[in-house]
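Asks: pasting a predicted model and its sequence here:
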Amino acid sequence: MWESESETAAGREYGGGVLTSTKHGVKIEGFHQRGNSWYVSADIPSDLQVQIGEASFHLHKYPLLSRSGKLNRILYDSRDPDLNKIAMDDLPGGPEAFELAAKFCYGVAIDLTASNISGLRCAAEYLEMTEDLEEGNLIFKTEAFLSYVVLSSWRDSIVVLKSSEKLSPWAENLQIVRRCSESIAWKACANPKGIRWAYTGRATKASSPKWNEMKDSSPSRNQLVPPDWWFEDVSILRIDHFVRVITAIKVKGMRFELIGAGIMHYATKWLPGLAGNDTTIQGEETSNNSNSSFSSGDNNSSWRGGLHMIVSGTRDETSTLQTKDQKMVIESLISIIPPQKDSVSCSFLLRLLRMANMLKVAYALITDLEKRVGMQFEQATLSDLLIPCYEKSETMYDVDLVQRLLEHFLVQEQTEGYSPSRQSLSDHKNVGSNLNAKARVARLVDSYLTEVSRDRNLSSTKFQVLAEALPESARVSDDGLYRAIDSYLKAHPTLTEHERKRLCRVMDCQKLSIDACMHAAQNERLPLRVVVQVLFSEQVKISNALANSSLKGSVESQYQPMVTNRKTLLEGTPQSFQEGWTTAKKDINTLKFELESVKTKYLELQHDMENLQKNFDKLLKQKHTSAWTSGWKKLSKLTKMTNVENHDMVPISEEPNRKTTRRWRNSIS
């Protein structure tokens with residue numbers, strides 16, 4: 001058995017834990033058991049039967065009445081001197097504790113151990129075995145053993161706290177739980193270099209070793225003790241006692257990272273579904289295999305860890321009770337997680353959130369857990385984010401949950417960005433880390449959108465809202481977003497042209513890589529307008545790249561003896577870039593030719609339309625005009641032509657014209 005120096009000294013001072021009563025009025029030879037009944041071997045026949053559950057004790061009144069105030073009061077209140085049977089089914093500790101108390105009353109030596117002291121202390125309090133009846137009564141003896149032996153021992157404090165689980169509320173009222181919790185907390189917060197007491201450490205076997213089998217693993221004075229040495233021992237406690245210990249450890253000032261690691265170790269042991277992606281409630285078999293067993297010393301009584309508290313019953317009842325127990329564990333763990341960032345991993349928080357949603361934990365605790373995830377959302381992984389939708393919904397995954405987590409992350413980033421402490425920093429490390437965090441979250445969200453886009457029931461509105469939740473500066477490249485959009489269009493072929501255009505507005509074509517542009521140029525699922533934008537943006541980038549390279553070459557030519565020509569530049573360009581550029585250029589030229597052809601055809605059609613309109617107007621006018629009107633129109637045209645010819649005759653000189661005129665007049669006359 002491992003013991004510290006203080007444990008050994010206390011044991012010697014207390015007589016090795018063997019307790020006897022020097023005074024007893026009945027000479028007996030010992031106790032013996034027959035079935036569920038206990039008898040005292042004595043010359044005087046028993047005159048009192050005490051019934052505790054199914055066990056019955058055939059004893060004598062005088063040894064018990066001389067040390068138990070409760071038995072005295074029961075006999076006195078009954079007003080029956082011949083009363084010989086008493087039932088005490090509510091006695092804490094049960095028949096085992098009463099057996100030790102009865103032996104003490106008879107003066108039989110009893111062995112006090114860490115496993116029986118809490119039950120015996122509560123039974124002594126129940127039986128009112130105080131100093132008023134006899135000096136050195138059982139309450140005084142058990143209280144001294146707790147104070148001087150148990151609380152000075154790491155091992156005994158844990159065993160007593162574990163054995164107190166079935167003694168509620170007596171163990172709470174007698175301060176046994178509080179004192180053991182504080183004792184464990186003080187020892188857990190001690191400097192590991194000064195630890196000399198026994199501890200289990202991380203067990204390599206399926207079940208933890210017995211206390212009396214761990215002597216070979218006892219830490220030596222020269223052996224380094226890891227900071228998490230107390231995790232395995234504390235993880236055997238029930239959740240309410242574990243919360244008491246962690247609360248006491250927080251008060252002592254332990255580092256929050258170590259407290260968070262202890263909480264994660266406890267959760268993986270008590271919540272089998274938390275270790276992996278399996279989110280189903282584990283049955284008895286998993287619960288039994290995932291928890292350790294501890295045996296305590298002399299009575300060989302073992303405890304099987306886990307949340308299987310029902311020995312008999314139907315499978316449905318057992319599953320329901322296990323669900324309630326796991327729900328209680330999750331709610332308690334959420335309430336004691338340190339508020340500091342990175343106290344526990346983001347993956348642990350998301351797996352805890354998955355189980356909390358599945359078990360329908362209180363809404364306030366789920367909200368608090370979501371805010372904690374938002375504080376370190378950049379550490380999440382895609383597998384942790386794929387949380388099924390446990391509410392009544394058509395979608396497979398809980399997209400609304402990821403939307404809320406992203407909103408908490410953005411609020412946290414904005415709060416930290418405007419905090420005075422961050423503004424007062426002279427360096428830009430925090431700003432750079434903030435941008436890196438947003439970039440990681442952007443890649444994570446794009447991967448999540450790609451995964452959930454295959455769901456036929458996911459609406460385009462939800463998809464678009466989640467894609468637009470991040471600011472534009474968060475994405476350096478939109479390749480991931482393009483992949484998600486293409487996957488969504490492929491899984492939803494019935495989208496209208498308007499819906500596809502609206503969905504593609506989320507993507508910035510200028511942030512696409514060459515490979516993404518090549519794929520988009522040949523993608524038939526994209527609207528034609530988006531394809532044109534992709535090709536145009538790629539042409540602009542190529543032009544800018546060539547301009548920059550030529551400018552850079554002209555600057556470098558001043559320092560280089562030879563000017564690099566186009567052939568040398570192409571030879572120095574990677575083959576993949578050359579092929580991609582050539583293909584993109586061909587696509588651009590083909591698209592330009594098609595656009596010019598369409599424009600030419602449009603102009604030809606417009607010209608033909610004008611000619612048809614003119615011919616139609618002429619036909620319409622000819623139909624409404626008569627022959628008489630057309631004759632007068634012809635005559636008027638001839639008259640106009642004659643006048644024009646006369647006006648065109650210009651005289652050579654003024655006199656000959658006059659003579660000619662006169663002659664013409666004379667001849668007429």
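Replies: That came in fine, so what should we check first?
Asks: all the strands of the stretch 201-350 of the chain, residue numbers only.
Replies: In the stretch 201-350 of the chain, the strands defined using DSSP state E, counting those that start in this stretch lie at 293-296, 301-304.
Asks: could you look up the SS state of residue 525?
Replies: Using DSSP: H, G, I helix; E, B strand; the rest coil, the structure places residue 525 in coil.
Asks: sorry, slip of the keys, the one I care about is residue 136.
Replies: coil.
Asks: can you count the residues close to it?
Replies: Residue 136 is flanked by 13 other residues according to other Cβ atoms under 10 Å. C-beta here means a position set from N, CA and C on the backbone, and glycine is covered the same way.
Asks: how about it, phi and psi?
Replies: phi 70, psi 40 (degrees, to the nearest 10).
Asks: report the rounded mean pLDDT for stretch 129-141.
Replies: What stretch 129-141 shows for mean pLDDT is 92.
Asks: now it: buried residues?
Replies: By neighbour count on 16 or more other Cβ atoms under 10 Å, the buried set for stretch 129-141 is 129-130, 133, 137-139, 141.
Asks: where does residue 51 sit, in terms of helix or strand?
Replies: In the assignment (DSSP states H and E), residue 51 maps to strand 48-52.
Asks: other SSEs contacting that strand?
Replies: strand 55-59, helix 61-65, strand 85-87, helix 94-106 (3 or more Cβ pairs under 8 Å, 6 or more residues apart in numbering; DSSP states H and E).
Asks: can you list the ones you listed in CSV and add mean pLDDT, mean neighbour count and distance to residue 407?
Replies: Below are those laid out as CSV (pLDDT from 0 to 100; neighbours: other Cβ atoms under 10 Å; distance: least, Cβ to Cβ, whole Å):
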stretch, mean pLDDT, mean neighbour count, distance to residue 407
strand 55-59, 90, 20, 61
helix 61-65, 88, 19, 68
strand 85-87, 89, 13, 61
helix 94-106, 92, 22, 54
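Asks: residue 74 and residue 94: what is the separation?
Replies: Counting by Cβ to Cβ, to the nearest Å, the gap from residue 74 to residue 94 is 19 Å.
Asks: whoops, I mixed them up, residue 270
Replies: 26 Å.
Asks: same check, this time on residue 77
Replies: For residue 77, the distance to residue 94 - Cβ to Cβ - is 24 Å.
Asks: the inter-axis angle of the host helix or strand of residue 122 versus helix 94-106?
Replies: Using DSSP H and E, residue 122 maps to helix 117-126. Using axes from the mean of the first three to the mean of the last three Cα atoms, to 10 degrees, the inter-axis angle of helix 117-126 relative to helix 94-106 is 70 degrees.
Asks: tell me the mean pLDDT for helix 117-126?
Replies: Across helix 117-126, pLDDT averages out at 95.
Asks: and what of stretch 155-169?
Replies: Averaged across stretch 155-169, pLDDT comes to 93.
Asks: could I have the CA atoms of that stretch written out in PDB?
Replies: Output of stretch 155-169 as PDB, limited to C-alpha atoms (Å, rounded to 0.1, in the frame of the first residue of the first chain):
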ATOM      1  CA  ARG A 155      -5.700   8.200  -1.400                       C
ATOM      2  CA  ASP A 156      -8.000   8.000   1.600                       C
ATOM      3  CA  SER A 157      -9.600  11.400   0.800                       C
ATOM      4  CA  ILE A 158     -10.600  10.200  -2.600                       C
ATOM      5  CA  VAL A 159     -11.900   6.800  -1.300                       C
ATOM      6  CA  VAL A 160     -13.900   8.500   1.400                       C
ATOM      7  CA  LEU A 161     -15.400  11.000  -1.100                       C
ATOM      8  CA  LYS A 162     -16.200   8.200  -3.400                       C
ATOM      9  CA  SER A 163     -17.900   6.100  -0.600                       C
ATOM     10  CA  SER A 164     -19.900   9.200   0.400                       C
ATOM     11  CA  GLU A 165     -22.000   9.100  -2.800                       C
ATOM     12  CA  LYS A 166     -24.600   6.800  -1.300                       C
ATOM     13  CA  LEU A 167     -24.700   8.800   2.000                       C
ATOM     14  CA  SER A 168     -26.400  11.900   0.800                       C
ATOM     15  CA  PRO A 169     -27.500  14.200   2.500                       C
END
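Asks: specify the beta-bridge partners of the residue nearest to residue 50 when sequence neighbours are not counted.
Replies: With sequence-adjacent residues excluded and distances taken as Cβ to Cβ, 6 or more residues apart in numbering, residue 50 is closest to residue 57, at 4.5 Å. Going by DSSP bridges, residue 57 is paired in beta bridges with residue 38, residue 50.
Asks: ok, residue 57 - contacts?
Replies: Shown in contact with residue 57 (Cβ atoms under 8 Å, 6 or more residues apart in numbering): 37-38, 49-51, 95, 98-99, 102.
Asks: I'd like to know which of the residues you listed is nearest to residue 373.
Replies: Proximity of the contacts of residue 57 to residue 373 was ranked by Cβ to Cβ; the top entry is residue 95 with 49.4 Å.
Asks: now that closest one: closest residue in space that isn't a chain neighbour?
Replies: Distances taken as Cβ to Cβ, 6+ apart place residue 55 nearest to residue 95, at 3.9 Å, with adjacent residues excluded.
Asks: surely the one you found meets residue 37?
Replies: Yes: using Cβ atoms under 8 Å, residue 55 makes contact with residue 37 at a distance of 7.3 Å.
Asks: show residues contacting the helix or strand hosting residue 415.
Replies: Using DSSP H and E, residue 415 falls within helix 399-417. With contacts defined as Cβ under 8 Å, 6+ apart, helix 399-417 is touched by 353, 357, 370-371, 373-375, 377-378, 380, 385, 387, 389, 422, 430, 434, 437-438, 441, 445, 448, 452, 458, 462, 465-466, 469-470.
Asks: likewise stretch 475-489?
Replies: With contact meaning Cβ under 8 Å, 6+ apart, stretch 475-489 is reached by 439, 442-443, 446-447, 449-450, 453-454, 458, 460, 463, 467, 495, 500, 503-504, 506-509, 511-513, 515-516, 519-520, 523, 525-526.
Asks: identify each buried residue in that stretch, please.
Replies: 475, 477-489.
Asks: can you give me the end-to-end distance of stretch 370-386?
Replies: 15 Å (Cα to Cα, to the nearest Å).
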